[in-house]
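A.B. asks: sequence and predicted model, in that order:
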Amino acid sequence: MSVRFDAKQFCSEPSLQNLQGRIISKDDWKFVAYYFDITYESSHTKEMLKKFGIQELTNRNLLPEEAVAVCTPLSCHGSDSQVSEDVPQYQEKNPYPEPWSEARLEFEREKLQLELKERERDREFNRLELGDRVLKRLELEEKGRDGQIEIAKIQQLEEST
């Protein structure tokens, strides 16, 4: 029986044991790639993401060398002999997208919260910048009025003399 993969746990403690016997979705592999800053293209298949991810984590010494051999193209259940013979070598692509994993949902939620905070910060900055411009305009208008008052006083003095 396979257990659902926990991407957050794997990222905090990458190990072969956290891969073996787990059901790992494409979104989980994308999360792992994003977390470990592994470059990938959105067009990569789940198997390509898994292959590149495991290879990169092995290169970084976060996974043992045997992880590449143990994690076959079909699964991370162990060696090829453990994969059932009646499992097709090539599975037909599901026309319906996989449901997002909890880790992916958490990642997307945090990303949206960060974007929201950034927008709020930008709005606050723009509001402060607008306030500074209004204040500067008012100061210039006040200086202009003060200048007009000074001119009027000088003209009165000249007229009275």
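C.D. replies: Everything's here; your move.
A.B. asks: could you use CA atoms for every contact and neighbour count after this?
C.D. replies: Will do.
A.B. asks: and Pro64, how many neighbours?
C.D. replies: Neighbour count of Pro64, defined by other Cα atoms under 10 Å: 16.
A.B. asks: and for Ser101?
C.D. replies: So Ser101, with other Cα under 10 Å, has 19 neighbours.
A.B. asks: that one contacts Asp27, correct?
C.D. replies: Yes - Ser101 lies in contact with Asp27 (Cα atoms under 8 Å); the separation is 6.8 Å.
A.B. asks: mind listing what the residue nearest the centre of the chain touches?
C.D. replies: Centroid check for the chain by Cα atoms, centre = their mean gives Lys111 as the closest residue, at 5.3 Å. Counting by Cα atoms under 8 Å, 6 or more residues apart in numbering, Lys111 makes contact with nothing.
A.B. asks: element containing it, please.
C.D. replies: Here Lys111, judged by DSSP states H and E, is contained in helix 102-160.
A.B. asks: so how far is that helix from its chain's centroid?
C.D. replies: 32 Å (Cα atoms, centre = their mean, to the nearest Å).
A.B. asks: rounded mean pLDDT for that helix, please.
C.D. replies: Confidence for helix 102-160, expressed as mean pLDDT, is 85.
A.B. asks: and what of stretch 41-61?
C.D. replies: 86.
A.B. asks: which residues does that stretch contact?
C.D. replies: 25-26, 29-30, 32-33, 38, 40, 63-65, 67-68, 73-74.
A.B. asks: do that again at 6 Å, thanks
C.D. replies: Applying Cα atoms under 6 Å, 6 or more residues apart in numbering, the set of residues contacting stretch 41-61 from outside is Lys26, Leu63, Pro64, Glu65.
A.B. asks: could you list the domains of this structure?
C.D. replies: Residue ranges for the domains of the chain, per automatic domain parsing: 3-79, 100-161.
A.B. asks: looking at those domains, which is buried most?
C.D. replies: domain 3-79 (a mean of 17; mean count of other Cα atoms under 10 Å).
A.B. asks: output stretch 127-138 as PDB, nothing but the C-alphas.
C.D. replies: The C-alpha trace of stretch 127-138 is given here as PDB (Å, rounded to 0.1, in the frame of the first residue of the first chain):
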ATOM      1  CA  ARG A 127      -0.300  57.000  -1.200                       C
ATOM      2  CA  LEU A 128       2.700  58.400   0.700                       C
ATOM      3  CA  GLU A 129       4.300  59.600  -2.500                       C
ATOM      4  CA  LEU A 130       1.000  61.300  -3.600                       C
ATOM      5  CA  GLY A 131       0.800  62.900  -0.100                       C
ATOM      6  CA  ASP A 132       4.300  64.200  -0.500                       C
ATOM      7  CA  ARG A 133       3.500  65.700  -3.900                       C
ATOM      8  CA  VAL A 134       0.300  67.400  -2.500                       C
ATOM      9  CA  LEU A 135       2.300  68.700   0.500                       C
ATOM     10  CA  LYS A 136       5.000  70.100  -1.800                       C
ATOM     11  CA  ARG A 137       2.400  71.700  -4.100                       C
ATOM     12  CA  LEU A 138       0.700  73.300  -1.000                       C
END
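A.B. asks: many thanks, have a good one.
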